[in-house]
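> I'd like to go over a predicted model; first the sequence, then the structure.
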Amino acid sequence: MPIIVNLDVMMAKRKMSLNELSDKVGLSLSNLSILKTGKAKAVRFSTLEAICEVLDCQPSDILEYVKESL
Amino acid sequence: MKTRTTLILNAMKIISWVVFIALCVKTSTLLIVYVTGEFADSVAYAEAADTMNTSRILIQNPVYFTATSIGVILIYALKTFMMYQVLQIFLKINLENPFNHTLATIISRLSGITLAIGLLTMVLVRFSTWLNLRGESHNLRIFLDKGDEFIFFAGIIFIISLIFKRGMELQTESELTI
């Protein structure tokens, strides 16, 4: 998928575990895991806002576009 | 609203069970009568037919008798299997997450079975008309409806299965929206 989710990178920078992030953002562990592993089909703005607030970062720090090679 | 829906579903589940059991009995009755007719003597056959309240397909030619009997038994067997699929839908349906792969498969299968019943019935009806023209007396019509309704329903069920598959895609996408 062309959109890469770099959540684990930001979590490592902020030294935050998945459990801690889940509690602060208000998302279940399973949903966060889906997002982290790149299986999510879509992300709500409200979710992105909550994650960026907790991790103190920009959406571009978490989401990256990589062109698919043919 | 939820209670009413649950009530309706439960009622339909019970009706499905009743119809399924009735079709099982009918199909096995036809099978037993046919087997008796083939292998037992005529007296035993007549008693079996009377007991089971079925009328003989009065075709003297053994090939036609076998063909029509097998055709009728196959139609009823398919109807029984169709009812079994309907029952599976009622047993497996989950209104919290209704769109799943199992139900999609069952509905697709249902449309195929319904189409098969319709086509087979139409063939058998044509065959019975042909037998009439040949002067063979029979009472096949009591076992056969016209096949048209089943073909019509097969088309509708096929469209429903397409909509269901699309619903499944939308549900998956919704589940994977964080």
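Arrived safely. None of the values given here were measured: they were computed from a predicted structure.
> quick one: the residue nearest the centre of chain A and B:K79, what's the gap?
Centroid check for chain A by Cα atoms, centre = their mean gives A:L7 as the closest residue, at 3.9 Å. Distance check for A:L7 against B:K79: by Cβ to Cβ, to the nearest Å, it reads 54 Å. In this view, the C-beta of every residue, glycine as well, is placed from N, C-alpha and C.
> Poorly predicted segments of the chain, please.
This is for chain A. Within chain A, the stretches with pLDDT under 70 are A:70.
> Not quite, go with chain B.
For chain B, the stretches with pLDDT under 70 are B:1, B:40-60, B:136-142.
> hmm, try it at 50
Applying pLDDT under 50 to chain B flags the ranges B:52-55.
> Flag every buried residue along the helix or strand where B:I106 lies.
Assessed by DSSP states H and E, B:I106 sits inside helix B:101-133. For helix B:101-133, a neighbour-count test (16 or more other Cβ atoms under 10 Å in any protein chain shown) marks B:103-104, B:106-111, B:113-118, B:120-122, B:124-125, B:127-128, B:131 as buried.
> what do you get for stretch B:16-28?
So for stretch B:16-28, counting by 16+ other Cβ under 10 Å, buried means B:16, B:20, B:23, B:26-27.
> Going by distance to chain A, which of those residues wins?
B:S16 (35.2 Å; Cβ to the nearest Cβ).
> The closest residue to that closest one other than its chain neighbours and chain A, how far apart?
Spatial nearest neighbour of B:S16, excluding adjacent residues (Cβ to Cβ, 6 or more residues apart in numbering or on different chains): B:L87 at 4.8 Å. Separation of B:L87 from chain A (Cβ to the nearest Cβ, to the nearest Å) stands at 33 Å.
> Surely B:L87 is in contact with B:I14?
No: using Cβ atoms under 8 Å, B:L87 is not in contact with B:I14; the gap is 10.5 Å.
> gap between the helix or strand encompassing B:A11 and the chain center?
Per DSSP H and E: B:A11 is located in helix B:2-39. In terms of Cα atoms, centre = their mean, to the nearest Å, the centre of helix B:2-39 is found 10 Å from the chain centre.
> Appreciated, that's everything.
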